[in-house]
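# Give me the fold of what follows.
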Amino acid sequence: MSIPRLSESVLPRLPPGIAVPAYDRAQVAPGIVHLGVGAFHRAHQALFIDDVLGRGETDWGIIAASLRSADTRDAIGPQDNLYTYCERNGESESLRIVGSILETLVAPEDPERLIRWLSDPRIRIVTLTVTEKGYLANLAERRLLHDHPDIRWDLAQPEAPRTIYGFLLAAIRRRRADGAMPLTLLSCDNLPANGRVLRALLLEFAERADPSLVAHIAQDIACPCAMVDRIVPATSDADRATVAARLGATDAWPVVAEPYFRWVIEDRFPHGRPKLEFSGVEFVANVEPYEHMKLRMLNGAHTAIAAIGQIAGLETVADVYGDPRARRFIDRYWREVAPTLSPETDGPGYTRGLQDRFANPALRHRTVQIASDASQKVPQRLLAPLAERMRDGQAHGAVLMALALWIRSCAARSEGGLPTVIHDPAFNAWHSPDQATLSPEAIIDAFLGFDLVFGPEWRAKPGFAAALTEAYRRISTAGALAALDQFD
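As a prediction, the model looks like this:
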């Protein structure tokens, strides 16, 4: 007999032990528009807003928008925008139905609908998880890619935008004309100084698209910085089956996450915010120390682990970190990077937590997922701490090796001869070298010409190319894990 699909009508019939929304969803008003709805948003920000609604702050419901794919809308829309949050730690698992998303829409299908929601006077905050590539920028230089076809489209067709800048500018223009309060724009993407980056790029876009709004954006639109931290692997068919068996109902797209979370936000919300601190969110005056810690310790190690997995054919983070050779290398990487962190952060404690999190086999966090869009992550995650260690004359061999591992992971085939999967539009658009036919020197020389990753300052650093070439040679000659075993 078929089982029902998750929906409002199914909630009263769910088994005991399944948490459900502790509020009347019909009484919830929208207060947030989220751009870039995906698994991370639904396992992090939307979860905490669900807490907020349950505590009686019912004017913070979420309108969630995808700027590209209809997949999320098609999955949870027929479920009354409900979905299951599955938290896993080792053998334990808890399930919770989240109801904070009121509507899911797909921007390309109806751009005007998203602009109307962004312009609605009840909306006070716009949150974003569009990933690095969604900013359409050279992030190392905080400069828009003016030749990108979507940027050019938005400048020519402002009534039907495609980018975050086009949508935000259209809403800012309309809200100003209507006398609505200015929005607060909260980036939750893994970028250093993400709020300042968003602000700078939006101003750059406005200077071309509508200069009359530049002063208004600069003076009235708040863009606080934030750091988010929770591991959310891609949902698998096995996850769907497990959740369905527990619920007695099907959920087209549950999300799975680890118990650990951290959300640190610059407390700059001139027109109000939900009381997220009651769910453990930290509001601070300066997010930068926390950003550095997470980007360099977790994300940097993840980039190295993903590269090892791609090269050596290891599927998950736990598979890689479970190999003692890889684990010793990652531990060495952390020891090198830790001195670049601010003293006010608990680097040693955070590292101990990462050791446990990376070893958690229940998450099944696939290395190919982490490797996606790596070329846009390497500057913040690896090159930034590498530059500091080199500048200060400190040991940096592990960070350099992590960079060489990423370069080797971009080869057409793994060490086992299988095709390498590279979900990285920026890299795929670049004319990458054929690593099977060129010398290490030629490969590194070609990569140093990849301007979206390596600026001219890297090509000018004395000895850098030679050291990177030698690290790459060791990996390509001995194999990734053997090279790490020999690393000292």
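# which stretches of the protein have low pLDDT?
1 (pLDDT under 70).
# per the record, what domains does it have?
The record's domain split for the chain, according to automatic domain parsing, is 8-284, 288-485.
# in the stretch 201-350 of the chain, which spans are strands?
226-229, 255-257, 262-266, 282-284 (DSSP state E, counting those that start in this stretch).
# returning to that earlier point: the domains of the chain: which one's closest to Ser2?
If you check each of the domains of the chain against Ser2 by C-beta to C-beta, domain 8-284 wins as the nearest, at 8.6 Å. In short, each C-beta sits where N, CA and C put it, glycine included.
# For the nearest residue to Phe329 once chain neighbours are set aside, grab the count of nearby residues.
Nearest non-adjacent residue to Phe329, counting by C-beta to C-beta, 6 or more residues apart in numbering: Leu484, 4.3 Å away. By other C-beta atoms under 10 Å, the residues close to Leu484 number 26.
# just use 28 as the starting number from now, easier for me
In the new count, where the first residue is 28, that last one comes out as Leu511.
# Hmm, Ala353 and Leu511 touching each other?
Yes. Leu511 is within contact range of Ala353, at 6.0 Å (criterion: C-beta atoms under 8 Å).
# Next, show the common contact partners of the two.
By the contact definition C-beta atoms under 8 Å, 6 or more residues apart in numbering, Leu511 and Ala353 are jointly contacted by Ile335.
# mind listing what the closest residue to Glu309 other than its chain neighbours touches?
Once flanking residues are discounted, Glu309 sits nearest to Val291: 4.6 Å by C-beta to C-beta, 6+ apart. Contacts for Val291 (C-beta under 8 Å, 6+ apart) come out as Ala253, Met254, Val308, Glu309, Phe310, Val311, Val314, Tyr317.
# now do 7 Å
By C-beta atoms under 7 Å, 6 or more residues apart in numbering, the residues touching Val291 are Ala253, Met254, Glu309, Val311, Val314, Tyr317.
# Repeat that for Pro48.
Pro48 touches Asp77, Gly81, Ile124, Gly126, counting by C-beta under 7 Å, 6+ apart.
# Please produce a markdown table containing those residues, extended by neighbour count and secondary structure.
Shown next, in a markdown table, are the contacts of Pro48 (neighbours: other C-beta atoms under 10 Å; DSSP: H, G, I helix; E, B strand; the rest coil):
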| residue | neighbour count | secondary structure |
| --- | --- | --- |
| Asp77 | 25 | helix |
| Gly81 | 16 | helix |
| Ile124 | 23 | strand |
| Gly126 | 26 | coil |
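# Could you work out the most separated pair of the residues you listed?
Most distant of the contacts of Pro48, by C-beta to C-beta, are Gly81 and Ile124, 11.7 Å apart.
# one step back: now the residue nearest to Phe356: which helix or strand?
For Leu511, the element it lies in under DSSP states H and E is helix 507-512.
# Which positions in that helix come out as buried?
Ala507, Leu508, Ala510, Leu511, Asp512 (16 or more other C-beta atoms under 10 Å).
# Check the offset of that helix from the chain's centre.
Relative to its parent chain, helix 507-512 has a centroid offset of 29 Å by C-alpha atoms, centre = their mean, to the nearest Å.
# counting contacts, what elements does it pack onto?
helix 327-339, helix 351-364 (3 or more C-beta pairs under 7 Å, 6 or more residues apart in numbering; DSSP states H and E).
# quick one, which of the ones you listed is packed in tightest?
helix 327-339 (a mean of 26; mean count of other C-beta atoms under 10 Å).
# so how far is that helix from its chain's centroid?
17 Å.
# Now do it against helix 351-364, angle only.
Relative orientation of helix 327-339 and helix 351-364, computed by axes from the mean of the first three to the mean of the last three C-alpha atoms, to 10 degrees: 150 degrees.
# Residues contacting helix 327-339, please?
Residues outside helix 327-339 that contact it (C-beta under 7 Å, 6+ apart): 341-342, 344, 346-348, 353, 357, 360-361, 364, 381, 394-395, 397-398, 401, 404-405, 408-409, 412, 429, 432-433, 435-436, 441-442, 447, 507-508.
# Would you enumerate the residues in contact with the closest residue to Leu508 other than its chain neighbours?
Closest residue to Leu508 apart from its sequence neighbours, by C-beta to C-beta, 6+ apart: Arg352 at 4.9 Å. For Arg352, the contact set (C-beta under 7 Å, 6+ apart) comprises Leu508, Leu511, Asp512.
# which of these lies closest to Pro297?
Distances from Pro297 to the contacts of Arg352, taken by C-beta to C-beta, are shortest for Leu511, at 49.3 Å.
# roughly how far apart are the closest one and Ser503?
13 Å (C-beta to C-beta, to the nearest Å).
# So Ala91 versus His298, what's the distance?
Where His298 is concerned, Ala91 sits at a distance of 21 Å (C-beta to C-beta).
# Tell me which of those two has more neighbours.
Remark: of Ala91 and His298, Ala91 carries more neighbours, 27 against 12, as counted by other C-beta under 10 Å.
# So that one is in contact with Thr131, correct?
Yes. Between Ala91 and Thr131 there is a contact under C-beta atoms under 7 Å: 4.9 Å.
# Please enumerate the shared neighbours of the two.
Val64.
# What residues of stretch 373-393 count as buried?
Neighbour-count burial for stretch 373-393 [16+ other C-beta under 10 Å]: 374, 377-378, 380-381, 384-385, 387, 389-393.
# and which of the residues you listed is nearest Arg115?
Nearest member of those to Arg115, counting by C-beta to C-beta, is Ala389, at 4.2 Å.
# Distance of the closest residue to that closest one other than its chain neighbours relative to Thr99?
Of all residues not flanking Ala389 in the chain, Arg115 sits nearest, at 4.2 Å (C-beta to C-beta, 6+ apart). Distance, Arg115 to Thr99, by C-beta to C-beta: 21 Å.
# out of the two, which sits in the busier spot?
Using other C-beta under 10 Å as the criterion, Arg115 and Thr99 rank with Thr99 on top: 24 against 20.
# Please give me every residue in contact with that one.
With contacts defined as C-beta under 7 Å, 6+ apart, Thr99 is in contact with Val64, Gly65, Ser93, Thr131, Trp280.
# hang on, it in a helix?
Yes. Thr99: assigned to a helix according to DSSP: H, G, I helix; E, B strand; the rest coil.
# and the gap between it and Leu413?
36 Å.
# Start and end of stretch 103-115, how far apart?
End-to-end distance for stretch 103-115: 21 Å, by C-alpha to C-alpha, to the nearest Å.
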